[in-house]
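Novice: turn this into a model:
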Amino acid sequence: MNTTTTYAPRSRFFSIPALETVAAWLLAIIWIFPLLYAFWAAFHPSEFMVNFELFAPLTLENFTNAWSQAPFARYYLNTFALVTGVVIGQFVVCTLAAFAFARFPIPGKNVLFMLVLIQLFVFPEVLIVENYRIASELGLINTITGIGLPYVASALGIFLLRQTFKTIPRELEDAARIEGCNWLEILWKVYVPLAKPTYLAYGLVSISHHWNNFIWPLVVTNSVESRPLTVGLGVFSAPETGVNWATVSAATLLSIAPLLIAFLLFQRQFVQSFLRAGIR
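Specialist: The predicted structure is shown next:
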């Protein structure tokens, strides 16, 4: 009697999902290492910056030194005013433009929309000279308005909201029109509430970008009264100031703390809002 033996196929030592997992962990470690070092240097005396002892003493002196050596309270105020103004302006401008592109029968609107999207392919650094000239003519140099004005009309925001508005059923708009709503009321009562996930996703991206923006604010500001956190931190940590790196690390944590805390608190909403916006 012949018996046959079957052998299970030998699994590969490294599968594609395993390689992806290893690569993801490697990238995560590379990304988080500078942050971990900043935490270590900020919460330990300067002599332990490169001396990694497990039981090294902890201290908050670096934070007090950083806060006292630079006007970080003013930098925070400027940054909050800048980010709030830019995001509100973007929501207003992008909502009106996206609604027009999505619902109004404008002749050649597809061509106009493509021209708007071209902005996504233009690096902001290319426009620094022209933006500076316009800001100078308007008298907006060294002002928070001058920092935020070039970013009010966002092609990304217009694109995301247009795509979301196009997915909203026409029947809801017709029902609102039967109730006597005008176009602005239809936009406010029908389209804006249904696009909340997109607003949240885009708002988070915009806040993160403008909180960390550096080149344009550096060019257009020259005093403490209008400097945001990024420029203030750059001036504070310049080599000629002679500040030790433990204090600089503490100042860096002071600068990123609001964004870091917000992400840790709202990371689930952050991810879900992007998934919903992407599905739309």
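Novice: contacts, neighbours, all on C-alpha from now
Specialist: Noted.
Novice: what's the first-to-last distance across stretch 65-81?
Specialist: Distance across stretch 65-81, first residue to last, is 25 Å (CA to CA, to the nearest Å).
Novice: give me the contacts around that stretch.
Specialist: 144, 211, 224-229, 232, 236, 247-248, 250-251 (CA atoms under 8 Å, 6 or more residues apart in numbering).
Novice: looking at those, which is nearest residue 47?
Specialist: Distances from residue 47 to the contacts of stretch 65-81, taken as CA to CA, are shortest for residue 247 (12.0 Å).
Novice: flag the shaky bits of the stretch 151-280 of the chain, pLDDT-wise.
Specialist: Where the stretch 151-280 of the chain drops to pLDDT under 70, the residues are 239-243, 269-270, 272-280.
Novice: quick check on the contacts of stretch 65-81: which are buried?
Specialist: Using 16 or more other CA atoms under 10 Å as the burial test, those include 144, 211, 224, 226-229, 232, 236, 247-248, 250-251 as buried.
Novice: can you tell me the closest non-neighbouring residue to the most centrally placed residue in the chain?
Specialist: Centroid-nearest residue in the chain, with CA atoms, centre = their mean: residue 208, separated by 2.3 Å. In space, residue 208 comes closest to residue 259 once its chain neighbours are excluded; the distance is 7.1 Å by CA to CA, 6 or more residues apart in numbering.
Novice: any idea how far residue 88 is from the one you found?
Specialist: Note on residue 259: its distance to residue 88, by CA to CA, is 18 Å.
Novice: same check on residue 102?
Specialist: Separation of residue 102 from residue 88 (CA to CA) stands at 21 Å.
Novice: who touches residue 103 in this structure?
Specialist: Applying CA under 8 Å, 6+ apart, the residues near residue 103 are residue 166.
Novice: what's the burial count for residue 254?
Specialist: As a burial measure, residue 254 scores 17 neighbours (other CA atoms under 10 Å).
Novice: got it, and the one 4 residues further on?
Specialist: Residue 258 has 12 neighbours, counted by other CA under 10 Å.
Novice: so residue 102 and residue 88 - more neighbours on which side?
Specialist: Neighbour tally, residue 102 and residue 88, criterion other CA under 10 Å: the higher count belongs to residue 102, 21 against 13.
Novice: what about that one, which SS state?
Specialist: Secondary structure, DSSP: H, G, I helix; E, B strand; the rest coil: residue 102 is helix.
Novice: re earlier: so which of the contacts of stretch 65-81 is the closest to residue 38?
Specialist: Closest approach to residue 38 among the contacts of stretch 65-81 (CA to CA): residue 250, at 7.3 Å.
Novice: nearest spatial neighbour of the closest one, skipping sequence neighbours?
Specialist: Closest to residue 250 by CA to CA, 6+ apart is residue 42, at 4.5 Å.
Novice: show me the contacts for the one you found.
Specialist: Neighbouring residues of residue 42 by CA under 8 Å, 6+ apart: 60, 62-63, 246-250, 253.
Novice: turn the contacts of stretch 65-81 into a markdown table, including distance to residue 115 and secondary structure.
Specialist: Below are the contacts of stretch 65-81 laid out as a markdown table (distance: CA to CA, whole Å; DSSP: H, G, I helix; E, B strand; the rest coil):
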| residue | distance to residue 115 | secondary structure |
| --- | --- | --- |
| 144 | 28 | helix |
| 211 | 27 | helix |
| 224 | 37 | coil |
| 225 | 36 | coil |
| 226 | 33 | coil |
| 227 | 33 | coil |
| 228 | 31 | coil |
| 229 | 33 | helix |
| 232 | 36 | helix |
| 236 | 40 | helix |
| 247 | 46 | helix |
| 248 | 43 | helix |
| 250 | 44 | helix |
| 251 | 41 | helix |
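Novice: from the residues you listed, which two are the most distant?
Specialist: The distance between the two most remote of the contacts of stretch 65-81 (CA to CA) is 27.1 Å, for 144 and 247.
Novice: the helices in this structure, which residues?
Specialist: Listed in chain order, the helices of the chain (DSSP state H) span 16-42, 61-69, 72-103, 109-117, 128-137, 144-148, 155-166, 170-178, 183-186, 192-194, 196-212, 215-220, 229-236, 245-279.
Novice: any chance of the ones you listed in JSON lines, with distance to residue 53 too?
Specialist: Converted to JSON lines, the helices of the chain look like this (distance: least, CA to CA, whole Å):
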{"stretch": "helix 16-42", "distance to residue 53": "10"}
{"stretch": "helix 61-69", "distance to residue 53": "18"}
{"stretch": "helix 72-103", "distance to residue 53": "31"}
{"stretch": "helix 109-117", "distance to residue 53": "52"}
{"stretch": "helix 128-137", "distance to residue 53": "46"}
{"stretch": "helix 144-148", "distance to residue 53": "44"}
{"stretch": "helix 155-166", "distance to residue 53": "47"}
{"stretch": "helix 170-178", "distance to residue 53": "64"}
{"stretch": "helix 183-186", "distance to residue 53": "63"}
{"stretch": "helix 192-194", "distance to residue 53": "53"}
{"stretch": "helix 196-212", "distance to residue 53": "32"}
{"stretch": "helix 215-220", "distance to residue 53": "37"}
{"stretch": "helix 229-236", "distance to residue 53": "28"}
{"stretch": "helix 245-279", "distance to residue 53": "16"}
